[in-house]
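Visitor: Okay, structure incoming, though there's no sequence with it:
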């Protein structure tokens, strides 16, 4: 299993994204992986499309994101656990990333595709970048 951070997904869908080339280059290597996202990633990707002039059908994008192998819908307990991680890391990792940390731990995932170096602060994870 591998977690897909919003930075990777935005790189795939936004032609003008700084990580577009890398995201497209990595995609074939993930073909046989069980891919996971959570509610945070969905919100971050959808919030980014307006500012980046995404001109494709938003419903098509939403359908693509919802049809990944595992979609972790966050509940109140997840946000409470994420707050613990937020405090544990001394607020040096943003809360959104802490929800990803929580999802990864919940699903026993140790690898993440991300361009966010904050994930390097978590020794148990391998960041593919």
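Guide: Alright, I've got the coordinates. Keep in mind that what you see is a predicted model, and the values were worked out from it rather than measured.

Visitor: Residue 95 is in contact with residue 82, isn't it?
Guide: Yes. At 6.5 Å, residue 95 and residue 82 qualify as touching, with contact defined as CB atoms under 8 Å. Where C-beta positions appear, they are placed from N, C-alpha and C, glycine not excepted.

Visitor: When those two are compared, which one has more neighbours?
Guide: Between residue 95 and residue 82, counted using other CB atoms under 10 Å, the more crowded position is residue 82 (22 against 13).

Visitor: Contacts only, for that one.
Guide: By CB atoms under 8 Å, 6 or more residues apart in numbering, residue 82 lies in contact with 74, 95, 98, 99, 101, 102.

Visitor: Give me the secondary structure label for the fifth one.
Guide: Assigned by DSSP: H, G, I helix; E, B strand; the rest coil, the conformation of residue 101 is helix.

Visitor: okay, now the closest residue to it other than its chain neighbours: neighbour count?
Guide: Distances taken as CB to CB, 6 or more residues apart in numbering place residue 85 nearest to residue 101, at 5.0 Å, with adjacent residues excluded. By other CB under 10 Å, the residues close to residue 85 number 18.

Visitor: In the contacts of residue 82, which residue is surrounded by the most others?
Guide: Of all the contacts of residue 82, the highest neighbour tally under other CB under 10 Å goes to residue 101, namely 26 neighbours.

Visitor: following the lowest-mean-pLDDT helix or strand in the chain, which helix or strand shows up next?
Guide: Across the helices and strands of the chain, mean confidence by mean pLDDT, DSSP states H and E is lowest for helix 58-66: a mean of 71. Scanning forward in sequence from helix 58-66, with DSSP states H and E defining helices and strands, the next element found is strand 70-72.

Visitor: partners of that next one in the sheet?
Guide: strand 35-38 (parallel) (DSSP bridges).

Visitor: Would you mind identifying the next helix or strand past the strand it pairs with?
Guide: Remark: after strand 35-38, the chain's next helix or strand is helix 39-51, criterion DSSP H and E.
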